[in-house]
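Asks: I would like the atomic coordinates for the input below:
(one chain, ligands or ions: 2)
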Amino acid sequence: MRVLSGIQPTGRFHWGNYFGAIRQYIALQQHEQAFYFIADLHALTTIRDAALLRQLRQDAALDLLALGLDPARATLFLQSDVPEVVELTWLLMTVTPMHLLEKCHAWKDKKAKGLPADAGLFTYPVLMAADILLYDSDIVPVGSDQVQHIEVARDIALRFNHLFGDVFVLPAARTLDESAKVPGVDGDKMSKSYGNTIEVFEDPKKLRKKIMSIKTDSTPVDAPKDPNSCHIFMLYQLFATPEQQAALAERYRAGGMGYGEAKQALFELADQFFAPARARRAELAADPATLHDILQAGAQAARTKGGEVLARAQRACGLSSLSAG
Ligand code: ADP
Ligand code: TRP
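Replies: Ligands and ions are numbered 1, 2, ... in the order given. Here you go, the predicted structure:
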């Protein structure tokens, strides 16, 4: 069973990304074969600043390793280190009906807003299909916003198989558990695009400042408060044991506790929670050769598997070398 997922390096990871996605990807590395890659080719559809992209892909790799992705269990690589994926994209493109791409959200939304869109954005789902099909992936864990893309990958695989024989494994999406929507500092869903994020690798001073800036209502200190309608409490629950949660909930209900105190409790737990990962990250960041070796070994493993599947696809559609069968 192969599990595969891609992560776009489009910004620093925030708590929403960690609890909503990264933590769950990392838990899946126990599977026989787990492939994770940093989708830098996809990121090119939004990031047009070379220094920034370089930085973000390195940050993404360091972050994932520091958060527990174990290169001894899982294969981690940069998408652009596997050129086979671009070649497969073309093969897939030739069997992809336009209407399949025209209904995809990213493109449709941009078009509906009258914004200029390029061919990269339009064909983005085909590159994503190649990412998946190139490694005979069985399971693709993704957030619900990406499920449509996995269905497109499946449709493309079915069409290719129908035309050329049984070449591709049909992948299935495994939707991440998104029941815990992580709120941002303003109470809305935490998201880069809302500017309300708290980053995983924030240094403690800045972390405290951000937590202290969480918006609250004007309930007086003395008044009892409802923990379940308070986003400080929701954030606290991400880090706290059931006993700690019950104790803080009791403080809310009893009255006499200001939000500042809840924020301080949140800061202390969050800071502790990420401290080991922060230390690991600092170690890794100080040792670029090791990061390089991990990514190179990952790319090598991905290319070995990807090369086999690409050759299978080439043979099936008549592109293998003239002397070969
Ligand atoms: P952003 O909204 O900041 O741009 P992304 O769309 O890049 O985040 O999200 C990457 C992954 O992190 C997705 O799988 C998404 O489901 C998850 N995620 C992002 N924000 C949250 C959140 N506030 N709560 C739970 N999961 C989240
Ligand atoms: N498009 C995905 C996202 O934005 C990232 C991605 C690229 C991906 N290729 C993939 C995810 C292949 C799963 C499988 O989140």
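Asks: dump the residue contacts of the closest residue to Thr216 other than its chain neighbours.
Replies: Spatial nearest neighbour of Thr216, chain neighbours left out: Tyr259 (4.2 Å); criterion: Cβ to Cβ, 6 or more residues apart in numbering. (C-beta placed from N, C-alpha, C; glycine too.) Tyr259 is in contact with 214, 216, 230, 232, counting by Cβ atoms under 8 Å, 6 or more residues apart in numbering.
Asks: any chance of the backbone angles for Tyr259?
Replies: phi -60, psi -30 (degrees, to the nearest 10).
Asks: what parts of this structure come near ligand 2?
Replies: Proximity of the chain to ligand 2, by Cβ under 6 Å from any ligand atom, involves residues 5-6, 8, 39, 42, 128, 131-132, 140, 142, 146.
Asks: how about 5 Å then?
Replies: Residues of the chain lying near ligand 2 by Cβ under 5 Å from any ligand atom: 5-6, 8, 39, 42, 128, 131, 140.
Asks: may I see the ChimeraX selection of the buried members of those residues?
Replies: This is how ChimeraX selects the buried members of those, with burial counted by 16 or more other Cβ atoms under 10 Å:
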select :5,6,8,39,42,128,131,140
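Asks: show me the contact partners of stretch 80-98.
Replies: Against stretch 80-98 from outside (Cβ under 8 Å, 6+ apart): 37, 40-41, 79, 123, 126-127, 129-131, 133-134, 156, 159-160, 163, 295-296, 298-299, 302-303, 306-307, 309-310, 313-314, 317, 319.
Asks: what's the spacing between stretch 168-176 and its chain's center?
Replies: Centroid displacement of stretch 168-176 relative to its chain, using Cα atoms, centre = their mean, to the nearest Å, is 16 Å.
Asks: just the CA atoms of it, as CSV, please.
Replies: Coordinates of each C-alpha in stretch 168-176 appear next as CSV, following Å, rounded to 0.1, in the frame of the first residue of the first chain:
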residue,chain,number,x,y,z
PHE,A,168,-2.0,3.1,-13.7
VAL,A,169,-3.1,2.1,-10.3
LEU,A,170,-6.4,3.9,-9.4
PRO,A,171,-5.8,6.2,-6.4
ALA,A,172,-8.3,6.9,-3.7
ALA,A,173,-8.5,10.1,-1.6
ARG,A,174,-8.4,9.8,2.2
THR,A,175,-9.9,13.0,3.5
LEU,A,176,-8.1,14.4,6.5
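Asks: who's in contact with it?
Replies: 3-4, 20-21, 24, 132-133, 136-144, 146-147, 150-151, 153-154, 157-158, 160-161, 309, 313.
Asks: so of the contacts of stretch 80-98, which ones are in helices?
Replies: Among the contacts of stretch 80-98, the members found in helices (DSSP state H) are 40-41, 123, 126-127, 129-131, 133, 156, 159-160, 163, 295-296, 298-299, 302-303, 306-307, 309-310, 313-314, 317.
Asks: buried subset of the residues you listed?
Replies: Buried by 16+ other Cβ under 10 Å: 40-41, 123, 126-127, 129-131, 133, 156, 159-160, 295, 298-299, 302-303, 306, 309-310, 313-314, out of the ones in helices among the contacts of stretch 80-98.
Asks: quick one: neighbours of Val169, just the number.
Replies: Val169 has 16 neighbouring residues, counting by other Cβ atoms under 10 Å.
Asks: which bits of the stretch 1-150 of the chain sit near ligand 1?
Replies: Taking Cβ under 5 Å from any ligand atom as the contact definition, the stretch 1-150 of the chain meets ligand 1 at 16-17, 20-21, 143.
Asks: if you set the cut-off to 8 Å instead, what comes out?
Replies: Taking Cβ under 8 Å from any ligand atom as the measure of proximity, the stretch 1-150 of the chain contacts ligand 1 at 7-8, 10-11, 14-17, 19-22, 142-146.
Asks: related to what we said a few turns ago, make TSV out of the residues of the chain next to ligand 2 and add pLDDT.
Replies: Below are those laid out as TSV (pLDDT from 0 to 100):
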residue	pLDDT
Ser5	96
Gly6	97
Gln8	95
Ala39	98
His42	97
Met128	98
Asp131	98
Val140	96
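Asks: which one of the residues of the chain next to ligand 2 is nearest to ligand 1?
Replies: For these, the minimum distance to ligand 1 (Cβ to the nearest ligand atom) is 6.4 Å, reached by Gln8.
Asks: so how far is Ser229 from the residue nearest to Thr216?
Replies: Note on Tyr259: its distance to Ser229, by Cβ to Cβ, to the nearest Å, is 13 Å.
Asks: which residue ranges of the stretch 1-150 of the chain form strands?
Replies: Assigned by DSSP state E, counting those that start in this stretch, the stretch 1-150 of the chain shows strands spanning 2-7, 33-38, 74-78, 139-142.
Asks: and the second one with strand 74-78, angle?
Replies: It stands for strand 33-38. 20 degrees (axes from the mean of the first three to the mean of the last three Cα atoms, to 10 degrees).
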